[in-house]
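Trainee: Pasting the sequence and the predicted coordinates here, then a few questions.
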Amino acid sequence: MAVRVQCLVTMEREMLTRVGITPRTAATGQRPISEDEIKEFRRFLDDAEPGDFE
């Protein structure tokens with residue numbers, strides 16, 4: 001929701017460390033996320049409803 005209304009999202013560093021994810025990189029043995037994957041995810045978010053996250 002914050003993204004949709006362009007609201008600033010803040011978080012304590014400790015919490016970010018607990019819930020954050022490591023980006024996909026060669027160092028993690030995974031390929032980087034492609035632009036197509038990002039576009040597909042954005043399309044999903046545009047149409048997402050609260051029930052989609054249950």
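Mentor: Good, I have the coordinates. As the structure is a computational prediction, the values presented were derived from the model and not from experiment. Numbering: from 1, shown residues only.

Trainee: Could you use CA atoms for every contact and neighbour count after this?
Mentor: OK.

Trainee: State the helix or strand in which F44 lies.
Mentor: Per DSSP states H and E: F44 is located in helix 35-47.

Trainee: Next, the buried residues of that helix.
Mentor: Neighbour counts over helix 35-47 (16 or more other C-alpha atoms under 10 Å) mark no residue as buried.

Trainee: Counting by contacts, list what it packs against.
Mentor: Packing partners of helix 35-47 (3 or more C-alpha pairs under 8 Å, 6 or more residues apart in numbering; DSSP states H and E): none among the helices and strands.

Trainee: Off-centre distance for that helix?
Mentor: The chain centre lies 10 Å from the centre of helix 35-47; the measure is C-alpha atoms, centre = their mean, to the nearest Å.

Trainee: Repeat that for stretch 8-21.
Mentor: 12 Å.

Trainee: Run through who's touching the worst-scoring helix or strand of the chain on mean pLDDT.
Mentor: Least confident helix or strand of the chain, by mean pLDDT, DSSP states H and E, is helix 13-19 with a mean of 84. Residues outside helix 13-19 that contact it (C-alpha atoms under 8 Å, 6 or more residues apart in numbering): none.

Trainee: Dump it to PDB, restricted to CA.
Mentor: Presented in PDB, the C-alpha positions along helix 13-19 are these (Å, rounded to 0.1, in the frame of the first residue of the first chain):
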ATOM      1  CA  ARG A  13      18.200  -1.500  11.100                       C
ATOM      2  CA  GLU A  14      17.800  -4.500  13.500                       C
ATOM      3  CA  MET A  15      14.300  -5.300  12.000                       C
ATOM      4  CA  LEU A  16      15.600  -4.900   8.500                       C
ATOM      5  CA  THR A  17      18.400  -7.400   9.300                       C
ATOM      6  CA  ARG A  18      15.800  -9.900  10.600                       C
ATOM      7  CA  VAL A  19      13.300  -9.700   7.800                       C
END
